[in-house]
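A.B. asks: Sequence plus the predicted model coming up.
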Amino acid sequence: MKKPILIFILLLINATILFSQNSISEAEKYSTTIKLWGFLKYYHPQVAKGKFNWDKQFIDILPKVEEAKTKEELSAIYINWIESLGEVKECKSCNETSNKEYFNKNFDLSWTQNSDYFNKELSDKLKYIEENRNQGKSYYVDIKKTGNIEVKNEPEYLDKEYPDRSYRLLSLANYWNTVEYFFPYKYLTDQKWDEVLLEMIPRFLDAENAVKYHVAMHETVNKLDDTHAGFYTKVLHEDFWGKKYLPIIIRIIEDKVVITGFKDSSFATKNDLRIGDIIETIDGEDALDRINRINKYVKGSNKTVKSRNYSFIFFHGFNDIVSTTIIRNEKKITKKLKRYTSKESFKPAEKGQEKYKILDNNIGYINLAELKGRDMKNIEEIMTVLMPTKALIIDLRNYPKIKPNELVRHFVKTEKEYMKFTKPDFSYPGKFYWLDYMKLLKPSKRNYYKESIVLLVNEETQSKAESIAMLLQVSDKIITIGSQTSGANGNISKFYFSNYWSFASGLGVYYPDGTETQRVGVKVDIKVNRTIKGVQEGRDEILEKAIEILNQ
């Protein structure tokens, strides 16, 4: 009698183990559905040509997916779905050897062959679709002249602020797949993009109200670790951050929250606040604890540029009055400060600066922020004035409005390469390739500046300014001095949550040797970081270092 019971128990244990190995979690069901939906959207020829209401297909498949208990059941649902989409004809051109030099760090379709989720029949079907993918135009995405993607033909929905859970999940599916296939720097994010999906699925599904839903979207965008990546809604601004703020600019310097400027000097005068004051607490909360708490809501490719972006959220709130403790000359001072709305807030008076000048010891100085388009036509005149100087400083701690090619041509003797790009391959979504050209710089035939040049950069050097820095760095005798730049280069693309737009870097930008600028910033030869003492004394420590080196 004991032997049959033992056999029964062993069979039960084996069955339990087999079921547990074949079972699939809720998170896995939702994540594989989102991945499969995105893959078919861009790869399946019938879907990519817009022959289906693809959003509705996502909404309709969810109840079936939710009922699946095992891998086999889920695979059967997916197979039936794929077969309902129509025939995928053999693509003769898809397997032809491409003359493109691929950049493959972003590309990964290994999930389609993962036996933990899919059976062999399904994996084989997905591989076949990959090898016979859509060619030519896509209904959902196009390419601009700049090489950036253009998301198109995406419907909007009436309940934008707080749709039901299926449509909230659809918005995540839309955004996650756009990033998956068309964001050039996906491989550089701190958190793997697959992990982001698993983390955010319950956040979108379980969002109890509009605020939590919008915060989830905002946090998802910030996980790109891209200073270009922006997301703004009225719900976030008014119901989460609060409408009111203090017109104060802060930076994190020497691990302290330091006031480095004001959006209006009268606010500082009225409240006896000074540049260099250290903020210790705000509404009873330690200032650095507050920074750590809001960090996930602040966009930025690196810590340096995040320091620049903290001011917006740090001072926002709902109360009219803010209690804050500052430290000045090692003494604590408590203040009650009035918050303002954007309509009430002050605007700083614009201070015009000289475009170029000659500093002490015959050192030339050019402020690129002050040069306008017409100045580029007169660059020969500017260079004639600066040619006799013993050295030249070019200030790029700003966002210039000009293309400085005419200026830089005076600093090189031979044609040079200074940048190369990657762009998305629309015939193979998810892959990027190196452009078959690099931007070239032709030297000027007159007024060659043979003396030393110093380029000044900091966290304000972003995007176009970083590209300009890379251009200037091909100069024959140049060194770059300053702090880490923004680390967000390349033109901006618009990405989509099923109603809301966001932004992100659209092209991959690299030095000619393949060195990245994204997240790390441009190359800096001599690093100079601001100090609290320097801020309090009103010194420009980066400019001081440049002058010191040139005088040596």
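C.D. replies: Received it, and whenever you're ready, just let me know what you need.
A.B. asks: and Phe318, how many neighbours?
C.D. replies: 11 (other C-beta atoms under 10 Å). Backbone N, C-alpha and C define where each C-beta goes, glycine included.
A.B. asks: got the contact list for it?
C.D. replies: 242-244 (C-beta atoms under 8 Å, 6 or more residues apart in numbering).
A.B. asks: would you list the residues you listed in JSON lines and tack on pLDDT and neighbour count?
C.D. replies: Listed next are the contacts of Phe318 as JSON lines, based on pLDDT from 0 to 100; neighbours: other C-beta atoms under 10 Å:
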{"residue": "Gly242", "pLDDT": "90", "neighbour count": "16"}
{"residue": "Lys243", "pLDDT": "88", "neighbour count": "16"}
{"residue": "Lys244", "pLDDT": "91", "neighbour count": "20"}
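A.B. asks: Could I get those residues in a markdown table, plus columns for secondary structure and distance to Phe426?
C.D. replies: Output for the contacts of Phe318, formatted as a markdown table (DSSP: H, G, I helix; E, B strand; the rest coil; distance: C-beta to C-beta, whole Å):
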| residue | secondary structure | distance to Phe426 |
| --- | --- | --- |
| Gly242 | coil | 42 |
| Lys243 | coil | 42 |
| Lys244 | strand | 45 |
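A.B. asks: Tell me the one of these nearest Leu172?
C.D. replies: Set against Leu172, the nearest of the contacts of Phe318 by C-beta to C-beta is Gly242 (26.0 Å).
A.B. asks: wait, doesn't the closest one sit right on His316?
C.D. replies: Yes - contact criterion C-beta atoms under 8 Å: Gly242 and His316 qualify, at 4.9 Å.
A.B. asks: what comes into contact with stretch 34-54?
C.D. replies: Residues contacting stretch 34-54 (C-beta under 8 Å, 6+ apart): 57-58, 61, 78, 82, 85-86, 88-89, 91, 109, 111-112, 126, 129-130, 132-135, 137-141, 153, 169, 172-173, 176-177, 180-181, 197, 201, 429.
A.B. asks: Could you work out the end-to-end span of that stretch for me?
C.D. replies: 12 Å (C-alpha to C-alpha, to the nearest Å).
A.B. asks: cool, stretch 405-416 as well?
C.D. replies: Termini of stretch 405-416 sit 12 Å apart (C-alpha to C-alpha).
A.B. asks: And the contacts of it?
C.D. replies: 366, 376, 379, 382-383, 440-444, 447-449, 453, 471-472, 474-478.
A.B. asks: Report the buried residues of that stretch.
C.D. replies: Applying a neighbour-count criterion of 16 or more other C-beta atoms under 10 Å, one finds 406-412, 416 buried in stretch 405-416.
A.B. asks: Equivalent analysis for stretch 256-266, please.
C.D. replies: For stretch 256-266, by 16+ other C-beta under 10 Å, it's 257-260, 262-264.
A.B. asks: Now tabulate those residues in TSV and tack on secondary structure, distance to Met387 and pLDDT.
C.D. replies: Conversion of these to TSV gives the following (DSSP: H, G, I helix; E, B strand; the rest coil; distance: C-beta to C-beta, whole Å; pLDDT from 0 to 100):
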residue	secondary structure	distance to Met387	pLDDT
Val257	strand	45	98
Val258	strand	40	98
Ile259	strand	41	98
Thr260	strand	36	97
Phe262	strand	39	93
Lys263	coil	39	88
Asp264	coil	41	84
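A.B. asks: quick one: which of those residues is nearest to Pro163?
C.D. replies: The nearest one, if we look at these relative to Pro163 and count by C-beta to C-beta, is Lys263, at 36.2 Å.
A.B. asks: Pull up the gap between the residue lying closest to the closest one once chain neighbours are set aside and Ile358, please.
C.D. replies: In this structure, Lys263 finds its nearest non-sequential neighbour in Pro247, 3.7 Å apart by C-beta to C-beta, 6 or more residues apart in numbering. Pro247 sits 35 Å away from Ile358, going by C-beta to C-beta, to the nearest Å.
A.B. asks: For these two, indicate the residue with more neighbours.
C.D. replies: Pro247 (22 against 14).
A.B. asks: correct me, but that one touches Phe267?
C.D. replies: Yes - using C-beta under 8 Å, Pro247 is in contact with Phe267, at 5.1 Å.
A.B. asks: for the chain, what are the low-confidence residue spans?
C.D. replies: For the chain, the stretches flagged by pLDDT under 70 are 1-21, 97, 345-352, 436-437.
A.B. asks: how deep is Glu195 tucked in, by neighbour count?
C.D. replies: For Glu195, using other C-beta under 10 Å, the count is 11.
A.B. asks: So what's the gap between the host helix or strand of it and the chain middle?
C.D. replies: Using DSSP states H and E, Glu195 maps to helix 193-205. Put simply, helix 193-205 sits 18 Å off its chain's centre (C-alpha atoms, centre = their mean, to the nearest Å).
A.B. asks: Which strands and helices lie in contact with it?
C.D. replies: helix 26-43, helix 165-182, helix 210-222 (3 or more C-beta pairs under 8 Å, 6 or more residues apart in numbering; DSSP states H and E).
A.B. asks: Fine, thanks again, bye for now.
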